[in-house]
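*Asks:* sequence first, then the predicted structure:
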Amino acid sequence: MLDKVARIAPGESVLVHAAAGGVGSQLGQAARLLGAGRVVGTVGSHAKIETAKGFGYQEVVLREEHPSGFDIVIDMVGGTTRRTGIDALNPMGRLIVMGNASGADDVGIPANELWFTNKTMSGFNLAAFSAAFPAEAGRALRRAVAAVAAGDLLLRVEELTLDQAAEAHRRIESGTTTGKLVLKVP
């Protein structure tokens, strides 16, 4: 997503919403591995700030603080965060839509606004990408695994047993999880 969709270039600034979550915990680190300059994350609560900082973000702020001045904004939250994502972009900046964890109604961004401000909005869905471009998805996965094996990409994984599936869903829906939450199947 960062290289193919966001077209990240060395030195660019990146803002990642939901920086302590399962995807956000990886994106800040990946952006830095790809040469990003300033990498900032947002989180939904004070309790997640230190966790997100542990994933390599240079700065972590609460989502409602609305940081700005970015070349790339990655939004997995949706709702009003999508609107603040567009507002946070520099001219020629790219907003990448990767989800709607908030479950909020979609926020429309007028095409004329993108035109007048020289900004771009793109979507990225890993399942759809993998189905359409399996070889490219495989290469990206091998790069990610190599980065983890080399210690360049930190993974935080919490395991729950299969009989705790309802608890896993409750925690994900409540927005209290950080890093990756997986179910261990015997």
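*Replies:* Done, it's in.
*Asks:* what are the ranges of the strands in the protein?
*Replies:* 14-17, 39-43, 59-62, 70-75, 89-97, 120-123, 157-161, 180-184 (DSSP state E).
*Asks:* pairing partners for the fourth one, with directions?
*Replies:* It stands for strand 70-75. The strands that strand 70-75 pairs with in its sheet are strand 14-17 (parallel), strand 89-97 (parallel) (by DSSP bridges).
*Asks:* and that strand, average pLDDT?
*Replies:* Strand 70-75 shows a mean pLDDT of 98.
*Asks:* with only the CA atoms kept, save that strand in CSV.
*Replies:* Extracted C-alpha coordinates of strand 70-75, given in CSV (Å, rounded to 0.1, in the frame of the first residue of the first chain):
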residue,chain,number,x,y,z
PHE,A,70,1.5,15.7,5.7
ASP,A,71,2.2,14.2,2.3
ILE,A,72,0.4,11.0,3.1
VAL,A,73,-2.5,10.3,5.5
ILE,A,74,-3.6,6.7,6.1
ASP,A,75,-7.1,6.4,7.5
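*Asks:* show residues contacting it.
*Replies:* With contacts defined as Cβ atoms under 8 Å, 6 or more residues apart in numbering, strand 70-75 is touched by 1-2, 6, 8-9, 12-17, 24, 27, 31, 36, 38, 40, 81-82, 85-86, 88-90, 92-99. Heads up, the C-betas are built off the backbone N, CA and C, glycines and all.
*Asks:* what's the burial count for Lys4?
*Replies:* Per other Cβ atoms under 10 Å, the neighbour tally for Lys4 reads 13.
*Asks:* mind listing what Gly56 touches?
*Replies:* Neighbours of Gly56 in contact, by Cβ under 8 Å, 6+ apart: 28-29, 32, 39, 154.
*Asks:* relative to Val107, which of those is nearest.
*Replies:* Closest approach to Val107 among the contacts of Gly56 (Cβ to Cβ): Gly28, at 23.6 Å.
*Asks:* what about stretch 26-42, how long is it end to end?
*Replies:* With Cα to Cα, to the nearest Å as the measure, stretch 26-42 spans 13 Å from end to end.
*Asks:* ignore what I typed, I meant stretch 128-141.
*Replies:* 15 Å.
*Asks:* quick one: it to chain centroid distance?
*Replies:* 18 Å (Cα atoms, centre = their mean, to the nearest Å).
*Asks:* what mean pLDDT does that stretch get?
*Replies:* On average, stretch 128-141 scores 95.
*Asks:* grab the nearest non-local neighbour of Gly99.
*Replies:* Spatial nearest neighbour of Gly99, excluding adjacent residues (Cβ to Cβ, 6 or more residues apart in numbering): Met76 at 3.9 Å.
*Asks:* tell me the spacing between that neighbour and Asp87.
*Replies:* 17 Å (Cβ to Cβ, to the nearest Å).
*Asks:* higher neighbour count, these two?
*Replies:* Using other Cβ under 10 Å, the more surrounded residue of Met76 and Asp87 is Met76, with 22 against 13.
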